[in-house]
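**Q** Quick one: sequence and predicted model below, then my questions.
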Amino acid sequence: MDLEKFQKDVCVMTEKLSVNLQKKDLPKLNYVKQQLIEMYQKNLVKINHSVLELICASNLISRGYNVQVEKDISEILVCDIFAKKGGGNTIVEIETGFTPPEHAMDTINYFTARIMSKIARYSQHCSKFSLASPATGILPIPKIFLFPPSARKKGDVQKVKNLCDRYYKNPPIEYDDILNAHLHSIYLINIDGGFVKELDPQGYVDLTNDLLSRSEIDY
């Protein structure tokens, strides 16, 4: 671990993000920064993920939320960002697209199952659940989560469960968790610029499909 380098990097990013916050909100962002430094000392976070958390936290703070990072929300789940405002709360999970070596031969299925499992598991614990990703990557958002639970077909829910069951067995993703899961929005994180763009799930799917269709590669 290089604590001095980590502290320098998060302080530089915090300073950059502070420009867009009101003075009264600066302690909230500094609180998040301090949380990350303390977690780094315990070897619980890495700098690349921490910078993404800071940027998302800054966006939520600017909208009146109080933010915590790496918060326990159940016996088995720790969320990246937990934010509260009034009587509501929101969870943001950041996805970088990393795939462990053991899934080098089934990367797409593994990544898709991970996205599905996060939506199903984390959205139970908040009024709004969002995914976030650097603008350099594309998240495979299953179309089933674009529809309300009442419009989801039993066969489609089962297909999601079958894929999740390949990778998540202890504990498994329950059928009802998939049926009732909700996805509020997608955050696209511009790391260099230090800001996020929030899109509704349908808008995100439309945008990514359009980008892929314009590529020279046939997907």
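**A** Nice, I can see it. Numbering: from 1, shown residues only.

**Q** List the residues that contact the closest residue to residue 152 other than its chain neighbours.
**A** Once flanking residues are discounted, residue 152 sits nearest to residue 144: 5.6 Å by C-beta to C-beta, 6 or more residues apart in numbering. Every residue, glycine included, has its C-beta placed from N, CA and C. By C-beta atoms under 8 Å, 6 or more residues apart in numbering, residue 144 lies in contact with 152, 156-157, 160, 178.

**Q** ranges for the helices of the protein?
**A** 3-18, 26-41, 47-62, 107-122, 154-167, 175-180, 201-213 (DSSP state H).

**Q** Buried deepest among these, which one?
**A** With neighbours taken as mean count of other C-beta atoms under 10 Å, the helices of the chain reach their highest mean count in helix 47-62, at a mean of 22.

**Q** Pull the residues that contact it.
**A** Helix 47-62 has contacts (C-beta under 8 Å, 6+ apart) with 5-6, 9-10, 13-14, 17, 20-22, 25, 28-29, 32-33, 36, 40, 45, 67, 69, 80-81, 83, 90, 92, 94, 96, 132, 134, 187, 189-191, 194-196, 198.

**Q** got a pLDDT number for the residue nearest to residue 185 when sequence neighbours are not counted?
**A** Closest residue to residue 185 in three dimensions, ignoring its sequence neighbours and counting by C-beta to C-beta, 6+ apart: residue 130, at 4.5 Å. You'll see residue 130 listed with a pLDDT of 98.

**Q** Then residue 180?
**A** On the pLDDT scale, residue 180 is placed at 97.

**Q** Would you check that it makes contact with residue 149?
**A** Yes: here residue 180 reaches residue 149: they are 5.2 Å apart, a contact under C-beta atoms under 8 Å.

**Q** Quick check: residue 145 touching residue 201?
**A** Yes: counting by C-beta under 8 Å, residue 145 does reach residue 201; the two are 6.4 Å apart.

**Q** Pull up the overlap in contacts between those two.
**A** Listed as contacting both residue 145 and residue 201 by C-beta under 8 Å, 6+ apart are residue 183.

**Q** ok, the residue nearest the centre of the chain - contacts?
**A** Per C-alpha atoms, centre = their mean, the C-alpha nearest to the average position across the chain is that of residue 93, at 2.2 Å. With contact set as C-beta under 8 Å, 6+ apart, residue 93 has these partners: 79-81, 118, 122, 129-132.
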